[in-house]
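Chemist: Quick one, what's the 3D model for this:
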Amino acid sequence: MTTTARSGADLKFNLYIAAFSAVLYSVLLVAPIVTSQLMVQFSLDASSAGLLASVELGCFSLATLPAYLWLRRANIRTVTILCGSLVIAGNVLSALMPTYGLLLLMRGLTALAAGSITVIILSLSAKTSKPSRSYGIFIVAQLGMGAIILFLFPAIYAGKPVAAVYFTLAALGLLCLPAAWCVKGHELSAAANPVEAVAAGARRVLPFAAALIAVFGFYVALGGVWTFMAKIAETGGTSLGTASTTIGVATLFGVASSLVGTLVGEGSRAKYYVLGGYAAMAASMFLLFGAPGLVRFALSAILFKIAWSWLLPFLLAAVSRVGGAQVMNSTNLMIGSGLAVGPILAGAIIDATGGFSTMLIVSIAILAVSVACSVVVMRAPAAAAAPAAEPELAGAR
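Modeler: Next up is the predicted model:
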């Protein structure tokens with residue numbers, strides 16, 4: 001492929017990644033506010049609120065399981081159009097659900113469709129000429145849309161039922177659907193040589209496993225703390241509206257951080273970027289201890305978003321080097337699983353202890369495990385980063 005053709009393909013892939021990332025991950029970015037609203041609207045305790053977030057985010061990962069069968073065979077443009085339409089319909093129906101149980105069911109079904117598109121996003125990102133840049137776009141798009149919704153919340157959504165947010169997500173889904181035509185449909189259909197894949201798989205079992213644990217641990221810690229960020233702010237006397245605006249400001253810092261990371265790109269210092277991001281993320285969690293006032297909460301939220309947005313593109317790029325495009329399917333499983341476990345684990349700890357300190361300690365410990373595994377990934381020899389098939393699936397093809 002010529003340089004011009006490669007650049008054209010990258011541009012289309014990145015447009016696809018930006019459009020769908022912005023919409024599909026908006027639920028995660030506005031989770032602190034939506035969770036607080038749901039707790040009031042349906043009279044939920046922390047465990048029930050965490051369960052709703054966990055079911056939705058967990059179904060993102062469950063979409064990975066059938067994707068093992070269709071990702072290399074199906075027309076990804078057709079899959080995108082079908083699943084995108086289901087996401088739109090699911091958000092509309094979610095807005096109309098009268099009970100917690102029905103809403104729980106509908107959010108899970110909607111997330112299954114969204115997760116299928118997420119598998120395509122991550123796989124296309126790994127196939128571009130500069131994966132870290134594509135993962136940066138993946139993060140920037142999410143944060144940008146999240147910031148817009150968070151800033152609009154006090155003016156438009158405050159005092160209204162959560163249905164208003166779901167209707168907004170449905171409208172955004174409809175607007176981004178034409179981005180499906182940025183792909184031709186066959187980009188992920190090439191199969192790896194099974195003999196080479198088996199040999200390569202045996203060499204990279206440890207870095208592959210470490211990569212998945214690193215991503216899983218990162219998202220467990222992230223999902224647990226982020227879901228209850230607004231509730232933590234309220235313990236220090238900050239109102240929900242003020243917390244929403246503060247998180248929106250923090251998200252803008254996250255956008256800037258991710259943009260800088262995208263421009264910096266991969267290089268010999270990437271491992272230091274990852275470790276620095278982990279350190280900043282842990283520091284932001286420490287700032288949340290002891291019912292933080294507005295200033296300390298704002299500092300924590302800003303540092304949290306900067307760290308999360310900075311390190312994630314570099315971490316995902318390192319993971320893709322361990323296994324290539326198809327391994328990102330398993331990465332999506334870890335992302336969704338981590339986001340599912342995080343909120344429900346955090347909610348259970350909060351209910352059991354009556355506060356947030358133990359939850360924060362557990363989250364920091366899980367983050368430390370993620371750091372250790374990321375070091376294993378980044379120290380993996382170059383030979384372990386070449387193939388594109390997954391170790392556990394190589395023998396089946």
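Chemist: Contacts only, for the residue lying closest to residue 362 once chain neighbours are set aside.
Modeler: Distances taken as C-beta to C-beta, 6 or more residues apart in numbering place residue 349 nearest to residue 362, at 6.2 Å, with adjacent residues excluded. Where C-beta positions appear, they are placed from N, C-alpha and C, glycine not excepted. Residue 349 is in contact with 358, 359, 362, counting by C-beta atoms under 8 Å, 6 or more residues apart in numbering.
Chemist: any idea how far the first one lies from residue 348?
Modeler: If you measure residue 358 against residue 348 using C-beta to C-beta, to the nearest Å, the figure is 11 Å.
Chemist: Give the intersection of the neighbour lists for the two.
Modeler: Between them, residue 358 and residue 348 share no contacting residue, judged by C-beta under 8 Å, 6+ apart.
Chemist: The helix or strand containing the residue nearest to residue 362: how far from the chain's middle?
Modeler: Using DSSP states H and E, residue 349 falls within helix 327-353. How far helix 327-353 lies from its chain's middle: 11 Å, per C-alpha atoms, centre = their mean, to the nearest Å.
Chemist: re the thing from before, report the buried members of the contacts of residue 349.
Modeler: Among these, the ones that count as buried by 16 or more other C-beta atoms under 10 Å are 359, 362.
Chemist: Using JSON lines, lay out the contacts of residue 349 together with distance to residue 44.
Modeler: Shown next, in JSON lines, are these (distance: C-beta to C-beta, whole Å):
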{"residue": "358", "distance to residue 44": "20"}
{"residue": "359", "distance to residue 44": "17"}
{"residue": "362", "distance to residue 44": "21"}
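Chemist: for the stretch 251-397 of the chain, what are the low-confidence residue spans?
Modeler: Applying pLDDT under 70 to the stretch 251-397 of the chain picks out residues 265-268, 323-327, 381-397.
Chemist: List the buried residues of the longest helix belonging to the chain.
Modeler: Longest helix of the chain, by residue count under DSSP state H: helix 294-323. In terms of neighbour count (16+ other C-beta under 10 Å), helix 294-323 has its buried residues at 296-323.
Chemist: just the helices in the stretch 101-250 of the chain please.
Modeler: With helices called from DSSP state H, counting those that start in this stretch, the stretch 101-250 of the chain shows them at 131-152, 163-176, 194-203, 205-227, 229-235, 240-264.
Chemist: Tell me the confidence at the closest residue to residue 341 other than its chain neighbours?
Modeler: Spatially, and ignoring its direct neighbours in sequence, residue 341 is nearest to residue 220 (5.1 Å; C-beta to C-beta, 6+ apart). At residue 220, the model reports a pLDDT of 93.
Chemist: quick one: contacts for residue 220?
Modeler: Residue 220 is in contact with 338, 339, 341, 342, 345, 363, 366, counting by C-beta under 8 Å, 6+ apart.
Chemist: redo that, cut-off 7 Å
Modeler: Applying C-beta atoms under 7 Å, 6 or more residues apart in numbering, we find residue 220 in contact with 338, 341, 342, 345, 366.
Chemist: Can you tell me which of those is closest to residue 227?
Modeler: The closest of these to residue 227 turns out to be residue 342 (C-beta to C-beta; 6.9 Å).
Chemist: for that closest one, what are its contacts?
Modeler: Going by C-beta under 7 Å, 6+ apart, residue 342 touches 219, 220, 221, 222, 223, 224, 227.
Chemist: Could you dump those into TSV and include distance to residue 375?
Modeler: Formatted as TSV, these follow (distance: C-beta to C-beta, whole Å):
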residue	distance to residue 375
219	18
220	18
221	16
222	19
223	22
224	22
227	27
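Chemist: Filter those down to the buried ones and hand me the ChimeraX line.
Modeler: In ChimeraX, this line selects whichever of the contacts of residue 342 come out buried by 16+ other C-beta under 10 Å:
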select :219,220,221,222,223,224,227
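Chemist: Would you mark the buried spots in the helix holding residue 349?
Modeler: Using 16+ other C-beta under 10 Å as the burial criterion, the residues of helix 327-353 that qualify are 327-350.
Chemist: Touching whichever helix or strand comes after that helix from outside, list them.
Modeler: Next along the chain after helix 327-353, taking DSSP H and E as the criterion, comes helix 357-378. The list of residues contacting helix 357-378 from outside it, by C-beta under 7 Å, 6+ apart, reads 206-207, 210-211, 213-214, 217-218, 220-221, 224-225, 271, 274, 278, 281-282, 285, 288-289, 315, 318-319, 322, 346, 349-350.
Chemist: what about stretch 61-74, how long is it end to end?
Modeler: Start-to-end span of stretch 61-74 (C-alpha to C-alpha, to the nearest Å) is 19 Å.
Chemist: Need the contact partners of that stretch.
Modeler: With contacts defined as C-beta under 7 Å, 6+ apart, stretch 61-74 is touched by 112, 115-116, 119, 123, 188-189, 191, 326, 329-330, 332-333, 335-337, 340, 393.
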